[in-house]
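1. Build the 3D model from these lines:
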Amino acid sequence: MSNDDKISTSSIEIDKEIENVTYPCSLYQLNLKSNVPRDCEAMEQEYSPKWLSSSPIYESDDAGIDYAIPSMPLLVVIEEEDDEKSQVESGDSRYEDSDTGSPIHGHHRLMNRPKPYHAFLGEIRRKELETEVNAWKEAKHLKLMNESLLRRKEAAINAWEFKQTRKALNDMKKLENKLETKRVNAIEKSQKKIRLTQRKADKKKVDEIMVVFTPKVELGYWSLLLFLFLVICHALPAL
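-> Predicted structure coming up:
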């Protein structure tokens, strides 16, 4: 193969490589919704003339032979690379503009945009209100707990009072029953003593009466016997 054929072949390969570079960049410009676009500048650096000159495609099997590349294709390559770079830059600017106008980018800008003063004050006021509400809730909860504790203590005190009062009433009732029993026994004992005293008094009265009226009774008894004897004696002769 002659040197001219090799040079023409190298020029054709360079054109193909440039087309391969231009085609993905044009696709990147048209399809902005691609998730992972390829970096055109990296591709330009990859397919730059410096890299092409050191690429193994353009190295000959004979390392000792140095094939010269014509200046004309290189100029074309450089011009095409400049045009392509301008297209890539314009595509990047269009992509940035489209990204700026996209809803996602707008939302991101809205999220990163500093808050206005009234919103900042509103947020501070909201936090203060939340703090006050939480403090009020804690105070209310503590108050309810204290009231519940007081109610429980009051209920315990009332139960203790009722128990002690009931115990005192039971003791009083027992004492009253005991005193009533003693009173009844004392009354019975007194009444018995009174009855015994009355019997003794009645007996003494009878004894005194017998002492006074016994001789008279005996005289009347003997007089009655004598009268009966005389009557009987007077009646016998008549029979």
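
2. The host helix or strand of Glu138 packs against which elements?
-> In the assignment (DSSP states H and E), Glu138 maps to helix 117-235. Contact partners of helix 117-235 among helices and strands, from 3 or more Cβ pairs under 8 Å, 6 or more residues apart in numbering; DSSP states H and E: none. All C-beta atoms are positioned from the backbone trio N, CA, C, and that covers glycine.

3. what is the rounded mean pLDDT of that helix?
-> On average, the pLDDT along helix 117-235 is 83.

4. Number of residues surrounding Leu226?
-> Residues lying near Leu226 (other Cβ atoms under 10 Å) number 10.

5. Same question for Lys205.
-> For Lys205, the tally of surrounding residues (other Cβ under 10 Å) stands at 10.

6. Report how many residues lie close to Ile151.
-> Check again: residue 151 is Arg, not Ile. So Arg151, with other Cβ under 10 Å, has 10 neighbours.

7. what separates it from His141, distance-wise?
-> 15 Å (Cβ to Cβ, to the nearest Å).

8. repeat for Thr197
-> In terms of Cβ to Cβ, Thr197 sits 82 Å off from His141.

9. From Leu175, how far out is Leu169?
-> Leu169 is 11 Å from Leu175, by Cβ to Cβ.

10. Ok, Leu230 next?
-> 80 Å.

11. same deal with Thr181?
-> 11 Å.

12. Also Leu150?
-> 37 Å.

13. for Ala119, same thing?
-> Counting by Cβ to Cβ - Ala119 and Leu175 are separated by 82 Å.

14. same thing with Met145?
-> 45 Å.

15. give me the number of residues near Ala201?
-> With other Cβ under 10 Å as criterion, Ala201 counts 10.

16. meant to ask about Ala235
-> Residues near Ala235, counting by other Cβ under 10 Å: 9.

17. cool, Thr165 as well?
-> 10.

18. Kindly report the same for Ser190.
-> With other Cβ under 10 Å as criterion, Ser190 counts 10.

19. again, but for the one 5 residues further on
-> For Arg195, the neighbour count with other Cβ under 10 Å is 10.

20. Use 442 as the first number for this chain going forward.
-> All right, first residue 442 from here; so that's Arg636.

21. And it, how close does it get to Lys630?
-> Arg636 is 11 Å from Lys630, where distance means Cβ to Cβ.

22. next one: Leu637
-> 11 Å.

23. do the same with Phe670
-> Going from Phe670 to Lys630 by Cβ to Cβ gives 58 Å.

24. same deal with Glu579?
-> For Glu579, the distance to Lys630 - Cβ to Cβ - is 75 Å.

25. again, but for Glu573
-> In terms of Cβ to Cβ, Glu573 sits 83 Å off from Lys630.

26. And Thr572, by the same measure?
-> 85 Å.
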